[in-house]
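Participant: model the structure of this input:
(one chain, ligands or ions: 1)
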Amino acid sequence: MFIQIFGTGGTLDKLYHDALSDYQIGEPMAGELLEQGRVSIGYAVESLIRKDSLELDDADRQLIHDKVAACPYEHVLITHGTDTMTVTGACLEDIQGKVIVLTGAMQPARFRDSDALFNLGLAVGALNTLGHGVYIAMSGRVFPADQVKKNRLAGRFEST
Ligand SMILES: NC(=O)C[C@H](N)C(=O)O
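Facilitator: The predicted model follows:
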């Protein structure tokens, strides 16, 4: 098994600058997290976009779609902002023959109490076990991408 990871930004990759609580989206953290998790799976990380997912537009989603569709690997992990993860998931539903898992984090991976490492582990577990399709791995659960919504108030993902 080999996992192609595409970084698209979101809070998982955010870097905060103290004084103004201003942020930038840094390089994808996924590789560092997988090293921390001591995985024995081969993987490659490619940064496609570095945006908060609220700022992703149709062209960004087309790029994500085309990169996933053209990827030679069966297993694809997308790190993505949580606010519009389901919108991007819906754009990928037509891609056949792949296990595609999207995950992200409510807190930046660079924060000590971040959920990023846990969520990434969940996503890798999902990639190991699921059949072809598009999934969202968040809140300790793996959802078909078209059967989940973010509950912003509660800060978690729930079945629709
Ligand atoms: N936790 C997050 O990732 C929220 C962020 N606004 C995003 O969707 O990119």
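Participant: who does the longest strand along the chain pair up with?
Facilitator: Assignment by DSSP state E gives strand 42-51 as the longest strand of the chain. If you go by DSSP bridges, strand 42-51 pairs up with strand 2-9 (parallel).
Participant: distance from the chain centre to the strand it pairs with, please.
Facilitator: Strand 2-9 has its C-alpha centroid displaced from the chain centroid by 8 Å (Cα atoms, centre = their mean, to the nearest Å).
Participant: about what we covered before: how far does the longest strand of the chain sit from its chain's centre?
Facilitator: Worked out by Cα atoms, centre = their mean, strand 42-51 lies 10 Å from the chain centre.
Participant: can you list the buried residues in it?
Facilitator: Neighbour-count burial for strand 42-51 flags Y43, V45, S47, L48, I49, R50, K51 (criterion: 16 or more other Cβ atoms under 10 Å). Every C-beta, even on glycine, is put in place using the N, C-alpha and C of the backbone.
Participant: and if you look at stretch 116-125?
Facilitator: For stretch 116-125, by 16+ other Cβ under 10 Å, it's A116, L117, F118, N119, L120, G121, L122, A123, V124.
Participant: just confirm the third one is within a strand.
Facilitator: If I follow you right, that is F118. No - applying DSSP: H, G, I helix; E, B strand; the rest coil, one finds F118 to be helix, outside a strand.
Participant: list the contacts for it?
Facilitator: By Cβ atoms under 8 Å, 6 or more residues apart in numbering, the residues touching F118 are G140.
Participant: at the geometric centre of this protein, which residue sits there?
Facilitator: T79 (2.2 Å; Cα atoms, centre = their mean).
Participant: before we move on, back to that, now what about the longest strand of the chain, what contacts it?
Facilitator: With Cβ under 8 Å, 6+ apart, strand 42-51 has contacts from 1-9, 13, 24-28, 30-31, 34, 56, 60, 63-64, 67, 77, 81.
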